[in-house]
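J.: Just a sequence and a predicted model for now, questions to come.
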Amino acid sequence: MHQAIPYSHRTNFPTTDGLSRHPRVTPTTSSNGGGSEAEDATNVGKTVSENAVMVVGRRGCCMCHVVKRLLQGLGVNPPVFEVDEKDEVAVTSQLLRIMGAVEDGQDGQVQFPVVFVGGKLFGGLERVMATHISGELVPILKQAGALWL
Amino acid sequence: MNSPSAQFVTSRRMGVYDPIHQMSMWGENFKSNSNLNSPASLIVEDVKLDSQSEDASHGISGPSNQYDQEATKPVDKAQRRLAQNREAARKSRLRKKAYVQQLETSRLKLIQLEHELECARHQGSYIGGGLDAIHPGFPGAVNPGITTFEIEYGNWVEEQNRQICDLRNALNAHVTDMELRMLVENCRNHYFELFRMKETAAKADVFYVTSGMWKTSAERFFSWIGGIRPSELLKVLGPQLNPMTEQQSAKVVVLRDACLQAEDALWQGMERLQQTLAETVAASQLIEGSYIPQMAPAMKKLEALVEFVNEADHIREEALEQMFHILTIRQAARGLLALGEYFQRFRALSKLWATRSHEPA
């Protein structure tokens, strides 16, 4: 079984101020990313680029829970960026900027939950499920540094 | 439709019109029943003779009749009347026979239709999503999306049975891989078609799909979010795929584990959904005699259920795809045959069970 090495021990990822301001975004022993504070929408970009795997989803969304559980089952403890309804537009535009205009079929819409691997958009629950069943997900996660042998 | 005896009586009284009138009445019956062709022609001929003789006795036009009328004597009149009676009686007996034969045919048809209806009922076809349909508050018990799905599913099962037969014959006949490939492709596309159908049905009535209402009773026992658990299926049918290489066996094991993990993750999401829904419903209060304003968040949760059903089917679809990658064509054919027969047996079991429970009545 793959073990996720706690984030704080990883030296190759810089810990910045932006991250420390939102402690629950850090993947540590506390598995739940849920909290009562509203997330700063502008921080999405930073946290995406600084984490090997990251999940962005609506607050209280059960599908988000599914993605998280699946990744946790593989030994990855991804931070979950929970989006309030009022922040949804802001976060979406942020994410689209990260993804760039290269992604096809997006046309201004982001389907939550969305997973980022290695700072790049990976896909939604469907893609995660499909790659997991075909056996492609674990190598991808390893390549991104989310999993160690 | 008049009874034959009533028509017999009217023919005596009414003269010319009756045979022709009765002929047209029976004519419709005769069209549908080819058995009655010979008696029909007999009666037609008799009718012609009869009308001529009756024309003569009533003095209705025709120069040929006048000669007869001049030579008429009372004895001949009586004899003619007796002959007419005999004819009428004979025709009536033939008509009665034809009518009874037609009744028998209709009776057989009715029995057949009733049997078909029973079969359809045992298959578990409910219209409009079960209990919801009989609730008086709901306008219209029939959900057109679900009705469409039921009809399509019936056709799907029929086609499925045909494909299973084809696969069985092909494997027994040891056909070439090329021919097998075609059958396997058809079978595979057929399954994907079912997933598309279910997706549409889930939008129409998600509870219908999650409770597996379109399936037979025994199949429903294994229902997990609108279908069977893919890992379960792999466990049961895996051994039937042998002989497999060690590599293949290992891959199947890996696939099964992946399915299990995916299923567990999905199930945990479902449980979370159930929990939040329960909390939402528990928290809602009666406002001015209506629960509706409070139900908005609950309604949203229910919409999420559609995604769960779709995701469950997605896992099934991906697992199926993966199996096609792992197996050879011949193994895939065997696997599809085993899969199809597995569900066929469950349907048979359900039917058997349904007829069993009706016996004490």
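T.: Structure received.
J.: need the residues of chain A near chain B, please.
T.: Residues of chain A that fall close to chain B, judged by CB under 8 Å from any CB of the partner chain: A:60-63, A:65-67, A:69-70, A:73-74, A:125-126, A:129-130, A:132-135. Every residue, glycine included, has its C-beta placed from N, CA and C.
J.: Could you point out which residue ranges in chain A have low pLDDT?
T.: A:1-42, A:100-109, A:149 (pLDDT under 70).
J.: Return the list of helices and strands in contact with the lengthiest strand in it.
T.: The longest strand of chain A (DSSP state E) is strand A:53-58. When contacts are defined as 3 or more CB pairs under 8 Å, 6 or more residues apart in numbering or on different chains; DSSP states H and E, strand A:53-58 packs onto helix A:44-50, helix A:62-73, strand A:80-83, helix A:88-99, strand A:114-117.
J.: Redo those as TSV? Include mean neighbour count.
T.: Below are the helices and strands packed on strand A:53-58 laid out as TSV (neighbours: other CB atoms under 10 Å in any protein chain shown):
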stretch	mean neighbour count
helix A:44-50	19
helix A:62-73	23
strand A:80-83	26
helix A:88-99	17
strand A:114-117	24
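J.: Please produce TSV containing the ones you listed, extended by distance to B:Glu185.
T.: What follows is these, written out as TSV (distance: least, CB to CB, whole Å):
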stretch	distance to B:Glu185
helix A:44-50	41
helix A:62-73	31
strand A:80-83	41
helix A:88-99	36
strand A:114-117	33
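J.: part of a strand, is B:Pro243?
T.: No. Counting by DSSP: H, G, I helix; E, B strand; the rest coil, B:Pro243 is located in no strand; its state is coil.
J.: Got the phi and psi for it?
T.: Per-residue torsions, B:Pro243: phi -80, psi 140 (degrees, to the nearest 10).
J.: what's the answer for B:Thr245, then?
T.: Dihedral angles (degrees, to the nearest 10) for B:Thr245: phi -70, psi 160.
J.: any idea of the pLDDT on it?
T.: Model confidence at B:Thr245, given as pLDDT, is 93.
J.: B:Val252 versus that one, what's the distance?
T.: Distance of B:Thr245 to B:Val252, given as CB to CB, to the nearest Å: 11 Å.
J.: Give me the more crowded residue out of the two.
T.: Taking other CB atoms under 10 Å in any protein chain shown, B:Thr245 and B:Val252 do not tie; B:Val252 has more neighbours (20 against 11).
J.: what helices or strands is the helix or strand harbouring the more buried one leaning on?
T.: Using DSSP states H and E, B:Val252 falls within helix B:246-283. If you count contacts as 3+ CB pairs under 8 Å, 6+ apart, helix B:246-283 packs onto helix A:62-73, helix A:125-134, helix B:230-237, helix B:292-326.
J.: residues of it that come out buried?
T.: B:248, B:251-252, B:255-256, B:258-263, B:265-270, B:272-273, B:276-277, B:280 (16 or more other CB atoms under 10 Å in any protein chain shown).
J.: hmm, back to that, relative to B:Ser290, which of the helices and strands packed on strand A:53-58 is closest?
T.: helix A:62-73 (26.9 Å; CB to CB).
J.: For the stretch 251-361 of chain B, what lies in contact range of chain A?
T.: So the stretch 251-361 of chain B meets chain A at B:254-255, B:258-259, B:261-262, B:264-266, B:268-270, B:272-273, B:276, B:301, B:304, B:307-308, B:311, B:314-315, B:318-319, B:321-322, B:325 (CB under 8 Å from any CB).
J.: Tell me which of the helices and strands packed on strand A:53-58 sits nearest to B:Asn85.
T.: Closest to B:Asn85 of those, according to CB to CB: helix A:62-73, at 87.9 Å.
J.: B:Lys97: neighbouring residues, count only.
T.: The burial count for B:Lys97: 13, using other CB under 10 Å.
J.: Point out the other helices and strands that the host helix or strand of it packs with.
T.: B:Lys97 belongs to helix B:74-122 when assigned by DSSP H and E. If you count contacts as 3+ CB pairs under 8 Å, 6+ apart, helix B:74-122 packs onto helix B:4-14, helix B:17-32, helix B:37-58, helix B:329-358.
J.: one step back: so which of the helices and strands packed on strand A:53-58 comes closest to B:Ala218?
T.: Of all the helices and strands packed on strand A:53-58, helix A:62-73 comes closest under CB to CB, at 29.3 Å.
J.: pull the CA atoms of the closest one into PDB?
T.: This file holds the C-alpha atoms of helix A:62-73, laid out as PDB (Å, rounded to 0.1, in the frame of the first residue of the first chain):
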ATOM      1  CA  CYS A  62     -21.000  14.600  -2.300                       C
ATOM      2  CA  MET A  63     -19.200  13.900  -5.500                       C
ATOM      3  CA  CYS A  64     -16.200  15.900  -4.200                       C
ATOM      4  CA  HIS A  65     -16.300  13.500  -1.200                       C
ATOM      5  CA  VAL A  66     -16.100  10.500  -3.700                       C
ATOM      6  CA  VAL A  67     -13.100  11.900  -5.400                       C
ATOM      7  CA  LYS A  68     -11.400  12.600  -2.100                       C
ATOM      8  CA  ARG A  69     -12.100   9.100  -0.800                       C
ATOM      9  CA  LEU A  70     -10.900   7.400  -4.000                       C
ATOM     10  CA  LEU A  71      -7.600   9.300  -3.900                       C
ATOM     11  CA  GLN A  72      -7.200   8.600  -0.200                       C
ATOM     12  CA  GLY A  73      -7.700   5.000  -0.900                       C
END
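J.: Following element in sequence after the lowest-mean-pLDDT helix or strand in chain B, please.
T.: Using mean pLDDT, DSSP states H and E, the weakest-scoring helix or strand in chain B turns out to be helix B:131-134, at a mean of 42. Using DSSP H and E, the helix or strand that follows helix B:131-134 in sequence is helix B:144-172.
J.: Who are the contact partners of the residue nearest to the spatial centre of chain B?
T.: For chain B, B:Ala120 is the residue whose C-alpha lies nearest the centre (CA atoms, centre = their mean; 5.7 Å). Taking CB atoms under 8 Å, 6 or more residues apart in numbering or on different chains as the criterion, B:Ala120 is in contact with B:Gly154.
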